[in-house]
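Trainee: Task: produce atomic coordinates for the following.
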Amino acid sequence: MIAAAPHLTDLTLSVLALVGLATLHAVLTGRDPDGPLTRRFLFGVRVLMVLFAGRALAVVTGGAGFRFVMMIGASLVPLAALVLTEGLLRRHAPASIKSFVGLGTALFLILSVMGSGLVDPARLWGLIAFQLATFAMVGWMVWRRDRAGLSAAENTTVVRLSLSLLVLAPLAVADFAIIRADLPVQASPIGVLVLCWLAIGLGQGGVGHRTALRGLLVVLGAAGGAAVLIAFMAGMDRDGWIITLSLSLSAALAGAVINEARNLRGADRSASLLRHLAEGPEDPVAFLQGLQGDPMVDGAALVDVDQLADLDAGAVAALMRTRPVLRRADPPPVAAEQAEIVAHLFARFDASHILLVGTVPLRLVALNLPSLATSPRAELELAAVQRMAMLIGKGADAD
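Mentor: Residues are numbered from 1 along each chain as shown. Okay, here's the model as predicted:
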């Protein structure tokens, strides 16, 4: 192992932590940037970004010029944790806790600009004690929270972020104890990446704690197993094991954070049909034309009765009343005449789905959705669009 391995590892871990934090920052600002809770969360994310940016710059420059930036970020972590907890619980912390955190933050901000030769290691041990004491107080507030006064989503958020603190706290201790424990790298970026992943996963409301933890354990287990195997085959010493494990876990978690954010953006795009249901125009024709701009049903054709001149419009209407959503993958109707109509519609419009969207006059929507792009959710969305289009049409006829 080369002599620069610990420094390169610290730089890589800091950069990966910044990638995870930047991804979380983008998710938060893309959702509700002006929300009171979002502003508190963004404050904490930016504090951590300052901390790891200072750490990365200190490694790159090889000097202590940026050490004060890192110390400022570390000094603000307890304040950020308290501010976020108050927002999550929708209640103020006791005055004693506020005073402790406020005075401690002010003290260590002053100490952060002093030379390390003057105040270390007392400053480092004092800072880690301050952080751990604040985490303990925050944990006490979470444990004693009014669960009935919070919604299920709020309770889920509190528990999920508290779990990340359980990972982050011991790794933060290891960062400050790096000299005394003779550790080759600072491992707190792993805890920060866990925080980012769990926080982004909150956007997927249907994912419970067990599912999130299982996903986390799978990623950590796979990355950890690969690191152990590599270190064993290479015959590494203790430092090599720690470095390999830290890099493997951090890289896997950073990839998982980015993938989780992509999935969240994909879920937003896949909800476009539901958004059209909620926000689409009330005019039947305009509502149907709006469907043609949806990515999932791009190219959908609006079929009116004039385009069905070669068919018995009455027979088509009778068929569609009993089966308002025709799917090419479904078994054909038993009646020969209806089976012929279905086959003709699919062939004529090169469609995978035919939707009944109006009866007076008869109006259909034909679209071609590739089999690989279909899913139970997509089928349900199409059925909901068909039902809404029918209701809008009936309302317009009644007026």
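Trainee: Hmm, residue 6 and residue 59 touching each other?
Mentor: No: applying C-beta atoms under 8 Å, one finds residue 59 not in contact with residue 6, separated by 9.6 Å. Where you see a C-beta, it was placed from the backbone N, CA and C, and this is true even at glycine.
Trainee: element containing residue 392?
Mentor: Taking DSSP states H and E as the definition, one finds residue 392 inside helix 376-398.
Trainee: Which residue ranges of this structure form strands?
Mentor: 301-304, 325-327, 353-359, 362-367 (DSSP state E).
Trainee: and the nearest residue to residue 89 once chain neighbours are set aside, what is it in contact with?
Mentor: In space, residue 89 comes closest to residue 145 once its chain neighbours are excluded; the distance is 5.1 Å by C-beta to C-beta, 6 or more residues apart in numbering. Counting by C-beta atoms under 8 Å, 6 or more residues apart in numbering, residue 145 makes contact with 89, 91, 158.
Trainee: Which members of the residues you listed are positioned in helices?
Mentor: 89, 158 (DSSP state H).
Trainee: can you redo the contacts of residue 145 as a markdown table with pLDDT and neighbour count?
Mentor: Formatted as a markdown table, those follow (pLDDT from 0 to 100; neighbours: other C-beta atoms under 10 Å):
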| residue | pLDDT | neighbour count |
| --- | --- | --- |
| 89 | 86 | 19 |
| 91 | 87 | 14 |
| 158 | 82 | 18 |
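Trainee: State the phi and psi torsions of the residue nearest to residue 89.
Mentor: Dihedral pair for residue 145: phi -70, psi 160, per degrees, to the nearest 10.
Trainee: For the residue nearest to residue 57 when sequence neighbours are not counted, the count of nearby residues, please.
Mentor: Take residue 57 and drop its neighbours on the chain: the residue closest to it by C-beta to C-beta, 6+ apart is residue 66, 4.0 Å away. Number of residues near residue 66 (other C-beta atoms under 10 Å) recorded here: 17.
Trainee: Can we start the residue count at 183 from this point?
Mentor: Renumbered: residue one is now 183, and that last one reads residue 248.
Trainee: pretty sure residue 248 contacts residue 236?
Mentor: Yes: using C-beta under 8 Å, residue 248 is in contact with residue 236, at 4.9 Å.
Trainee: what about the stretch 383-532 of the chain, any weak spots by pLDDT?
Mentor: 384-391, 448-467, 470-481 (pLDDT under 70).
Trainee: how about the helices in it?
Mentor: With DSSP state H, counting those that start in this stretch as the criterion, the stretch 383-532 of the chain has helices at 391-416, 420-452, 454-461, 466-473, 495-504, 518-531.
Trainee: quick one: which of the ones you listed is nearest residue 209?
Mentor: helix 420-452 (5.4 Å; C-beta to C-beta).
Trainee: still on that earlier bit, with respect to burial, which of the strands of the chain scores highest?
Mentor: Mean neighbours per residue, mean count of other C-beta atoms under 10 Å, is largest over those for strand 535-541, with a mean of 24.
Trainee: re earlier: which stretch among the helices of the stretch 383-532 of the chain comes nearest residue 563?
Mentor: Short answer: helix 454-461, nearest of the helices of the stretch 383-532 of the chain by C-beta to C-beta, at 4.2 Å.
Trainee: Dump stretch 364-381 to PDB, keeping only the CA atoms.
Mentor: Coordinates of each C-alpha in stretch 364-381 appear next as PDB, following Å, rounded to 0.1, in the frame of the first residue of the first chain:
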ATOM      1  CA  ASP A 364      -4.400   5.100  15.200                       C
ATOM      2  CA  LEU A 365      -7.000   4.800  12.400                       C
ATOM      3  CA  PRO A 366      -5.900   5.400   8.800                       C
ATOM      4  CA  VAL A 367      -9.000   7.300   7.600                       C
ATOM      5  CA  GLN A 368     -12.000   9.300   8.800                       C
ATOM      6  CA  ALA A 369     -15.100   7.200   8.300                       C
ATOM      7  CA  SER A 370     -17.900   9.700   9.000                       C
ATOM      8  CA  PRO A 371     -18.800  10.100   5.300                       C
ATOM      9  CA  ILE A 372     -20.300   6.600   5.500                       C
ATOM     10  CA  GLY A 373     -22.800   7.800   8.100                       C
ATOM     11  CA  VAL A 374     -23.500  11.000   6.100                       C
ATOM     12  CA  LEU A 375     -24.300   8.900   3.000                       C
ATOM     13  CA  VAL A 376     -26.600   6.700   5.100                       C
ATOM     14  CA  LEU A 377     -28.400   9.800   6.200                       C
ATOM     15  CA  CYS A 378     -28.700  11.000   2.600                       C
ATOM     16  CA  TRP A 379     -30.100   7.700   1.400                       C
ATOM     17  CA  LEU A 380     -32.700   7.400   4.200                       C
ATOM     18  CA  ALA A 381     -33.700  11.000   3.800                       C
END
